[in-house]
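> My questions are about this predicted structure, shown below with the sequence.
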Amino acid sequence: MRNLEKFWCNDHLEEVAGDCGRYFPGGKEACLEQAERILKNSFVFQEHWEMERTHEAVVFGDKIEWDAVPFGDPEWLYALNRHTCFLILGKAWRYRCGEKDEAGRSKALEYGKKFVALLEDWLENAPLAPESRNGTWRSLEAGIRVEFWLKSMALFDNCPLFTEEIRERMEVCLREHAGYLLEVNLPFHRLSNWGILQNHGLLLLGLYFGENGWIQEAVRRLDEESHLQVFRDGTQWEQSPMYHGEVLYCLLDSLLHLKRFDRPAPRRLWEKVRKMVYALAAWCKPDGHMPCHGDSDDIDARDLIAEGAVLFKDGRLKFLAHGILLEDNLWNLSWEEKTFYDGLEAREPEEASRALTDSGNYFLRDGLGADSDYLRFHCGCMGSGHGHGDQLHVDYFSHGEDILVDAGRYTYVDNDIRKRLKEPAAHNTVCIDGENFCECVDSWGYSRMALPWKGEYCFLPGMGMVSGAHLGYLDRGVFPVRKAVLLTKGLVLLCDAFYSCGQQGQEGQQAGDAAGNRGKAAAHSYQSRFHFGKQGIAEAEDGGIWFHSPGVQARMLCLNGKCRVTKAEISTEYNQLSESFCVENTWEASGFTSQFTVVAAAGAKEQLELSAELLPVSMVRNGRTLSGEEAEAIRIVKNGAEYVVIVCHQELISEVDIFTAGGYESYGKLMVFTPECAEGEVLQY
């Protein structure tokens, strides 16, 4: 196997094929099923990290149309020309080439024959030309294609149909890929995920051909791009865990290969990649899947965390990967790396909750187990065209299932569905006067974006709070602020406050003079939305909302306005649109207004009783009862256990005094009293 022994799992390919069939029989079956489709020129793209999955087969006749655009979606063309089909055929060959019966060996040879036929057809009919640079030879696809070509070359190395002549033709074209990738390095590539994905391919080519200049340039670019694209908190700037994962895979794979070939890499690059692995681990839900944040699908990302554990020899990352390897790991890790991971001791991190403050992503957890609670809060930058209008959005995962979710992306085609899923109304946030605080102009651009205003956060064992705001309704004179609180496992409180200073009149003057504006603010309508996991059913009952699914039940109470249950679009995979239940909570108010939303969760067969009521807040020393605009308190009772939360909306104490509500006393801006701590925990001062 020329120059490929140090790549991926190529030092023990036969063992990998056997292990994958033994430990991941479903993956083997899916691969062979896909290979059978490809033999018939039928294509569906459903690989684990497929960026734009498809679910409906496209079947060609005798001739493949490499520049076809089915369904009006050019992403299909791009997916086809990444050549995952070569990789699938190569794996299928390895699964069956060792079979003893004639039928198995004959089928394996069919896979080899098809690989050669597709390769030769593509080489003849999809040349690099000015007109193909935005299609079959888009630079992103060229970079990704390199990996799949090199992998398929290794997989078919023992196939008699993969002749030296075919290999040489591939190598000529791969050198053409290198020249093209060296040429394409615009500002767009340096800042977007494209740059890292395509320069990963350039690095692999340099290592394969032993071209030091290519290697050095690829490493230089990867270092610069990671410096530009990755925040100090480890988040790739495009605000999508899926693209974060795609970039992270290429950087992990690059460093693993540089290490195998005893090639240096900048310390800065190593540190960026380490932070990226931890950021991804924070993003992932307790089941190891990433949320559909921004342009993302629901994907199990534990394979990347496991590779990070191998690269950095980090037992904490092994713990966060649940101590396992996924099928992709077996195909990507060398024998030495896999053996090291097996012997690495998993170590539980000391802290469960994480604040990624540069990107404005916050994750509140009561622990790090598979059944732990997970509350995600976003208040950060837009993240280019892959970002959505999701300021102050929350996800909630409890008892092993999704409860509150992001509606996903579905498509990149510039249509109404694409815009709807990107706008605030498709997220668990609040809109005012029926208008979105972000407005899409097309699939990738916005005419209006809301400036985030990051707040405070506090994480305690089993409890936490995060706050944020945005300026999306400043033209309407309203400043929305949300505080998300994880009170305990199975209990969440959202405190929404809206500070109103009046609306601009036609003459450009404030409604009310400067001295008397308070109380004369314009009336506004408020729409708070909550999208539920597609696996369950939501219904209005007993003055609140019940959500039931196979493994979890949840109860939601909104203490202001009226709630109604509707249906909404949801997409957990590209090109797959479903319906889920959505709760719309609406009310009207002039001046300051607030909303408290309580969500309680329990196992599907467990007891769940919930009640909530607002309480007056007073000052202990002077005895004054505060107005709702100054401070509010809420008493929550779940299954007989009482929780009281005092929230101050203003700066109130100019002299020495203490707040009291429901028989509890403390000082702060957000105080929580629980059965375990009657003296109270202060989550915000």
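Ah, there it is. Numbers count the residues shown, from 1 in each chain.
> In terms of pLDDT, where does Ser384 sit?
If you check Ser384, the pLDDT there is 89.
> list the contacts for the closest residue to Gly210 other than its chain neighbours?
Spatially, and ignoring its direct neighbours in sequence, Gly210 is nearest to Asn3 (7.3 Å; C-beta to C-beta, 6 or more residues apart in numbering). Just so you know, the C-beta spots here come from the backbone N, C-alpha and C atoms, and that holds for glycine as well. Going by C-beta atoms under 8 Å, 6 or more residues apart in numbering, Asn3 touches Tyr208, Phe209, Gly210.
> you'd agree the first one is up against Trp8?
What that stands for is Tyr208. No: using C-beta atoms under 8 Å, Tyr208 is not in contact with Trp8, being 11.9 Å away.
> Quick check: end-to-end length of stretch 579-599?
22 Å (C-alpha to C-alpha, to the nearest Å).
> So for it, what gets flagged as buried?
580-586, 589, 591-599 (16 or more other C-beta atoms under 10 Å).
> go on, stretch 607-622?
So, applying 16+ other C-beta under 10 Å, buried residues of stretch 607-622: Leu608, Leu610, Ala612, Leu615, Val617, Ser618, Met619.
> now those residues as a markdown table including secondary structure, pLDDT and distance to Cys250?
Below are those laid out as a markdown table (DSSP: H, G, I helix; E, B strand; the rest coil; pLDDT from 0 to 100; distance: C-beta to C-beta, whole Å):
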| residue | secondary structure | pLDDT | distance to Cys250 |
| --- | --- | --- | --- |
| Leu608 | coil | 98 | 44 |
| Leu610 | strand | 98 | 46 |
| Ala612 | strand | 99 | 48 |
| Leu615 | strand | 98 | 53 |
| Val617 | coil | 98 | 53 |
| Ser618 | strand | 98 | 58 |
| Met619 | strand | 96 | 58 |
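> Reformat those residues as a markdown table; add distance to Arg409.
Shown next, in a markdown table, are the buried residues of stretch 607-622 (distance: C-beta to C-beta, whole Å):
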| residue | distance to Arg409 |
| --- | --- |
| Leu608 | 32 |
| Leu610 | 33 |
| Ala612 | 34 |
| Leu615 | 42 |
| Val617 | 42 |
| Ser618 | 48 |
| Met619 | 49 |
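> Just the local confidence number for Gly502, please.
On pLDDT, Gly502 comes in at 56.
> right, and Ala631 touches Val617 too?
Yes: using C-beta under 8 Å, Ala631 is in contact with Val617, at 4.2 Å.
> Between the two, which contacts overlap?
Ile646, Cys648, Phe659.
> if you look at those residues, which of them are in strands?
Under the assignment DSSP state E, these contribute Ile646, Cys648, Phe659 to strands.
> is the last one in a bridge, and if so with what?
What it means is Phe659. Note on Phe659: beta-bridge partners by DSSP bridges are Met619, Ser666.
> Can you pull the domain assignment for this protein?
In terms of domains, the chain is parsed into 1-184, 198-349, 359-608, 609-685 (source: automatic domain parsing).
> Arg190: which of the ones you listed is closest?
When those are compared by C-beta to C-beta, domain 198-349 sits nearest Arg190, at 5.6 Å.
> got the phi/psi numbers for Asn560?
phi -140, psi 150 (degrees, to the nearest 10).
> That one contacts Phe596, correct?
Yes: the pair Asn560 and Phe596 passes the contact test of C-beta under 8 Å, sitting 7.2 Å apart.
> show me the contacts for the most centrally placed residue in the chain.
Nearest residue to the geometric centre of the chain (C-alpha atoms, centre = their mean): Pro241, 3.0 Å. Going by C-beta under 8 Å, 6+ apart, Pro241 touches Leu280, Trp283, Cys284, Met290, Pro291, His293, Gly294, Ser296, Ala301.
> Reformat the residues you listed as TSV; add pLDDT and distance to Ala484.
Putting the contacts of Pro241 into TSV (pLDDT from 0 to 100; distance: C-beta to C-beta, whole Å) gives the following:
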residue	pLDDT	distance to Ala484
Leu280	99	21
Trp283	99	16
Cys284	99	19
Met290	98	19
Pro291	99	15
His293	98	15
Gly294	98	19
Ser296	98	20
Ala301	99	23
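> tell me which of those residues is nearest to Asn415?
Using C-beta to C-beta, these come closest to Asn415 at Gly294, 18.2 Å.
> Ignoring the adjacent residues along the chain, who's closest to that closest one?
Nearest non-adjacent residue to Gly294 (C-beta to C-beta, 6+ apart): Ser240, at 3.8 Å.
> Report how many residues lie close to the one you found.
Burial measure for Ser240: 28 neighbouring residues, criterion other C-beta atoms under 10 Å.
> Now do the same contact list for it.
Neighbours of Ser240 in contact, by C-beta under 8 Å, 6+ apart: His293, Gly294, Asp295, Ser296, Gly383, His386, Gly387.
> likewise Tyr664?
With C-beta under 8 Å, 6+ apart, Tyr664 has these contacts: Val644, Ile646, Met671, Phe673, Ala678, Gly680.
> Then Leu258?
Leu203, Val219, Pro264, Ala265.
> Can you give me the neighbour number for the last one?
Neighbourhood size, Ala265 [other C-beta under 10 Å]: 17.
> Name the member of the contacts of Leu258 with the most neighbours.
With neighbours taken as other C-beta under 10 Å, the top of those is Leu203, carrying 29 neighbours.
> That one belongs to a helix?
Yes: counting by DSSP: H, G, I helix; E, B strand; the rest coil, Leu203 is found in a helix.
> Per-residue pLDDT of it, please?
Leu203 is given a pLDDT of 99.
> these two touch, right, it and Leu255?
No: with contacts counted by C-beta under 8 Å, Leu203 stays clear of Leu255, the gap being 9.9 Å.
> re the thing from before, ok, of the contacts of Ser240, which one's closest to His48?
Nearest to His48 among the contacts of Ser240, with distances taken as C-beta to C-beta, is Ser296, at 14.0 Å.
> Can you tell me the element that closest one falls in?
Assigned by DSSP states H and E, Ser296 falls within no helix or strand.
> what number of residues lie near the closest residue to it other than its chain neighbours?
Spatially, and ignoring its direct neighbours in sequence, Ser296 is nearest to Met242 (3.7 Å; C-beta to C-beta, 6+ apart). Here the number of neighbours of Met242 (other C-beta under 10 Å) works out to 26.
> In the helix or strand containing Met242, which of the residues would be classed as buried?
Taking DSSP H and E as the criterion, Met242 maps to helix 241-260. For helix 241-260, a neighbour-count test (16+ other C-beta under 10 Å) marks 241-258, 260 as buried.
> C-terminal to it, which secondary structure element comes first?
helix 267-283.
> strand partners of the longest strand along the chain, parallel vs antiparallel please.
Of all segments of type strand in the chain, defined using DSSP E, the longest is strand 576-590. Sheet pairing of strand 576-590 (DSSP bridges) gives strand 523-531 (antiparallel), strand 562-573 (antiparallel).
> Run the chain-centre distance for it.
Chain-centre distance of strand 576-590: 22 Å, with C-alpha atoms, centre = their mean, to the nearest Å.
> residue ranges with poor pLDDT in this protein?
Where the chain drops to pLDDT under 70, the residues are 1-2, 502-520.
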